[in-house]
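Peer 1: Compute the structure for the input listed below.
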Amino acid sequence: MWTVSEDSVTILQTRLENLWSFLQSKSDLINAHLVDFFTENLWDTLVPKDLQDELLSLSDSALASLPSTTALLGRKDETKEIIDSNHEENESAASASFRTSSTKPDISAVQKCNEKTVESLYSRYETNSPLEVFRRETLNHVLSNSGICASLEEVWRTLGVGSKEEDNPRFVKGHMCVKKCHEVEVLSGVVAGLCQACHVDQVVDIGSGKGYLSECLYLQHGLTVLGVDASDTNTHGAKKRSQLLEKQWTGLVNRTRTQAADECQPIREAITVNSKSNTEDTSSDCPIECTSGIQQDGQDSIEENQKKSSKAADKVVSSEQGSFTPTTAYISPDTDLATMVGIGDSTSVERPENLRLLLTGLHTCGDLCPTMLRLFVTCPQATVLCSVGCCYNLLTEQGEPGNKDEKCGFPLSHELRTSGVHLGRTARMLACQAVERMAAEGRLPAMSLFYRALLQVIVRDKFGQVDKEKTVGKVAAKSKDFVDYVRRALRRLELEGAHLTDEEINSYFEVYKVQLRQLQAFVQLRACLAPCIEAFILLDRLCFLHEQLGVSHAALVPVFDPVISPRCYALVAVKQWKS
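Peer 2: Model prediction:
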């Protein structure tokens, strides 16, 4: 769903209503606290017996992949292949019968045969077991199966942008982790395409952090970028890193050229001064650690050469090839973006009404993404949006104590704000699960969850009720065994009064370890609902955009590989765009 209309709003409202009804039917499972797994007997309380038996019969790999939104779809694809193959065989048989018979074959008989085959295969490969029914219910409500999302190809087609693969040299791979490299490279390409199609003058990177995305937009795509972050430490680090990266950029481009045997098109021609001498010094395969500021072997000569031309090069880059300006500011729904980007400055060459801004953010945390959406709607110069949010657990929510409802991060849409919907922090925490990554890694729930649930039993038996405001934290990673974990955790909870021997602590472990598999199965079953909750939050944001009069196009677009980057959907929106 990409074009905004009355029908699109109605469709989104209906989807939200149906999804909320489904989530309410699973509310006990969604809002269960894993720390209470043993103390409140959640396995027997929330999981039906037939579902228990099926979960416990799963292999480790099957249990690990259970929450994946693609696992069951894979089995459906397998079924479809078998059905299609059988259908082709039946058609071939009918054709052969027609060729060898003097009478016309009974086509209806062939169709009946196909129907029976399909029915037989589906009953065989798509059973109605309690677990399969539960998974199909959840899959009906995930974004990838909703028919609501738009593909990037559809966006480019509407905007008249050719979906071509760039062969420009990439700077990101030398100094980022795999996840950040993937995110920056993909999102920068999307933002650059939107800027080109919608004639954007400047990009505002909200929550820019260390400036990874901003730098890529500036250096690789030649865009003018304002990076805004609330942390002065991040801004200072981004400035230092920007200066260092500019000095090293020529060498990096030349190195990429050399490795690609001059197949790549040169980027930022204006900065390739002394390229011949620089190429001689950039043959090393050592990565450039731009964030640390430490020169790698063979980099001293690069910087020495760059000192001679950096001043002149910077001037050219700033005036003709874009720029990157990191700044520290706290973004709120009341932020005056026009003032921040200098639209009202008398020295500005652009008239305020003509300047076109694109607002972007890579994994903007908590309320920052909803704030960006509100700014996009209210700022006349903000004409394009490309936002990827994260950290749903940190959202402020309507109806919670101390929150100003009109500025809460959830819900945003008029549909949900007037419906009295409330998810709660436990549900929002669940929405943050990286289900595709866990499935790809074949990873079962961490032992720390078992430790924490068992600690609650000890606390109940030895101390009675504990203050729920106190948290244990991540002490499991520092603990050598369960005894050590309990000692550390009790100190955190300030509950060291009871004299517990090592033997007594170990006895709890021995008694409850037979229920470890139950806890693992419970965690995985509950995680199946994570994509549904995320869908509810993201569809609320999309509905909010479709409710706005000035927005002509808005869509949820899958941009990242969910195994590498679990929060993989971007909200892309355009105001009054005409082809």
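Peer 1: Tell me how many other residues surround residue 538.
Peer 2: Residues contacting residue 538 under the criterion other CB atoms under 10 Å number 21. Every C-beta, even on glycine, is put in place using the N, C-alpha and C of the backbone.
Peer 1: just checking, what packs against the helix or strand where it lies?
Peer 2: In this structure, residue 538 is located in helix 530-546 according to DSSP states H and E. In terms of contacts (3 or more CB pairs under 8 Å, 6 or more residues apart in numbering; DSSP states H and E), helix 530-546 is packed against helix 6-25, helix 368-378, strand 382-390, helix 414-417, helix 425-430, strand 551-558, strand 569-575.
Peer 1: what's the closest of these to residue 355?
Peer 2: strand 382-390 (9.2 Å; CB to CB).
Peer 1: Can you give me the distance of the residue nearest to residue 437 when sequence neighbours are not counted to residue 534?
Peer 2: What sits nearest to residue 437 in space, not counting adjacent residues and going by CB to CB, 6 or more residues apart in numbering, is residue 563, at 5.1 Å. Here residue 563 is placed at a distance of 15 Å from residue 534 (CB to CB, to the nearest Å).
Peer 1: what residues are up against the residue nearest to residue 437?
Peer 2: 436-437, 440 (CB atoms under 8 Å, 6 or more residues apart in numbering).
Peer 1: which stretches of the chain have low pLDDT?
Peer 2: 71-127, 163-175, 243-244, 246-320, 343-353, 405, 468, 577-579 (pLDDT under 70).
Peer 1: hey, where'd the strands end up in it?
Peer 2: For the chain, the strands defined by DSSP state E cover 202-206, 224-229, 323-328, 357-365, 382-390, 551-558, 569-575.
Peer 1: is it possible to export those to CSV including distance to residue 38 and mean neighbour count?
Peer 2: Formatted as CSV, the strands of the chain follow (distance: least, CB to CB, whole Å; neighbours: other CB atoms under 10 Å):
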stretch, distance to residue 38, mean neighbour count
strand 202-206, 43, 26
strand 224-229, 43, 24
strand 323-328, 47, 20
strand 357-365, 33, 24
strand 382-390, 31, 24
strand 551-558, 38, 21
strand 569-575, 36, 24
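Peer 1: how about these in CSV, adding distance to residue 514?
Peer 2: Formatted as CSV, the strands of the chain follow (distance: least, CB to CB, whole Å):
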stretch, distance to residue 514
strand 202-206, 50
strand 224-229, 50
strand 323-328, 54
strand 357-365, 40
strand 382-390, 37
strand 551-558, 41
strand 569-575, 40
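Peer 1: so which of the ones you listed gets nearest residue 40?
Peer 2: Between residue 40 and these, the shortest gap by CB to CB is with strand 382-390, which sits at 30.4 Å.
Peer 1: hang on, the earlier thing: so which of the helices and strands packed on helix 530-546 is nearest residue 50?
Peer 2: helix 6-25 (17.8 Å).
Peer 1: tilt between the closest one and helix 530-546?
Peer 2: Angle between the axes of helix 6-25 and helix 530-546 is 150 degrees (criterion: axes from the mean of the first three to the mean of the last three CA atoms, to 10 degrees).
Peer 1: in helix 6-25, what counts as buried?
Peer 2: 8-9, 11-13, 15-16, 19-20, 23 (16 or more other CB atoms under 10 Å).
Peer 1: do stretch 494-505 as well
Peer 2: Buried, per 16+ other CB under 10 Å, within stretch 494-505: 495, 505.
Peer 1: outside of it, which residues touch it?
Peer 2: Where contact means CB under 8 Å, 6+ apart, the residues beyond stretch 494-505 that reach it are 458-459, 462-463, 466, 470, 482-483, 486, 490.
Peer 1: same deal with stretch 208-217?
Peer 2: In contact with stretch 208-217 (CB under 8 Å, 6+ apart) are residues 171-172, 176, 180, 183-185, 187-188, 191-192, 203, 205, 223, 225, 227-229, 231, 234, 237-238, 241-242, 245, 291, 322, 324, 326, 360, 362.
Peer 1: gap between residue 5 and residue 37?
Peer 2: In this view, residue 5 and residue 37 are 47 Å apart by CB to CB.
Peer 1: The two: which is more packed in?
Peer 2: For the pair residue 5 and residue 37, the greater number of neighbours falls to residue 37 (25 against 11), based on other CB under 10 Å.
Peer 1: could you show me where the helices are in the stretch 1-150 of the chain, in order?
Peer 2: Shown for the stretch 1-150 of the chain, the helices assigned by DSSP state H, counting those that start in this stretch span residues 6-25, 27-30, 42-46, 49-56, 60-64, 71-100, 107-125, 130-139.
Peer 1: what residues are up against residue 523?
Peer 2: Neighbouring residues of residue 523 by CB under 8 Å, 6+ apart: 34, 445, 449.
Peer 1: okay, those in CSV with distance to residue 571 next?
Peer 2: Formatted as CSV, the contacts of residue 523 follow (distance: CB to CB, whole Å):
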residue, distance to residue 571
34, 31
445, 31
449, 32
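Peer 1: quick one: which of the helices and strands packed on helix 530-546 is nearest residue 507?
Peer 2: helix 425-430 (31.0 Å).
Peer 1: Residue 360 against residue 200, yeah?
Peer 2: No: using CB atoms under 8 Å, residue 360 is not in contact with residue 200, being 10.2 Å away.
Peer 1: How far off centre is stretch 133-151?
Peer 2: Relative to its chain's centre, stretch 133-151 lies at 16 Å (CA atoms, centre = their mean, to the nearest Å).
Peer 1: Ok, which of the strands of the chain comes nearest residue 43?
Peer 2: strand 382-390 (31.0 Å).
Peer 1: any idea how far the closest residue to residue 548 other than its chain neighbours is from residue 8?
Peer 2: Counting by CB to CB, 6+ apart, residue 377 is the residue found nearest to residue 548 once chain neighbours are left out, at 5.1 Å. Note on residue 377: its distance to residue 8, by CB to CB, is 16 Å.
Peer 1: And for residue 226?
Peer 2: 31 Å.
Peer 1: still on that earlier bit, how about a markdown table for the helices and strands packed on helix 530-546, with distance to residue 139 added?
Peer 2: Compiled in a markdown table, these are given as follows (distance: least, CB to CB, whole Å):
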| stretch | distance to residue 139 |
| --- | --- |
| helix 6-25 | 11 |
| helix 368-378 | 26 |
| strand 382-390 | 23 |
| helix 414-417 | 23 |
| helix 425-430 | 17 |
| strand 551-558 | 16 |
| strand 569-575 | 17 |
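Peer 1: of all those, which lies closest to residue 58?
Peer 2: Ranking those by proximity to residue 58 (CB to CB) places helix 425-430 first, at 20.5 Å.
Peer 1: could you say what helices and strands that closest one packs with?
Peer 2: Here helix 425-430 is seen to pack against helix 27-30, helix 530-546 when contacts are counted using 3+ CB pairs under 8 Å, 6+ apart.
Peer 1: hmm, 7 Å instead?
Peer 2: Judged by 3 or more CB pairs under 7 Å, 6 or more residues apart in numbering; DSSP states H and E, the packing partners of helix 425-430 are helix 530-546.
Peer 1: Quick one: work out the angle between the helix it packs on and strand 569-575.
Peer 2: Going by the same axes, to 10 degrees, helix 530-546 makes 10 degrees with strand 569-575.
Peer 1: Name the surrounding residues that touch helix 530-546.
Peer 2: The contact list for helix 530-546, computed with CB atoms under 7 Å, 6 or more residues apart in numbering, reads 4, 8-9, 12-13, 15-16, 19-20, 22-23, 67, 69, 138, 141-143, 146, 148, 370, 373, 392, 410-413, 415-416, 423, 427, 430-431, 433, 435, 551, 554, 556, 569, 571, 573.
Peer 1: Alright, that wraps it up for me.
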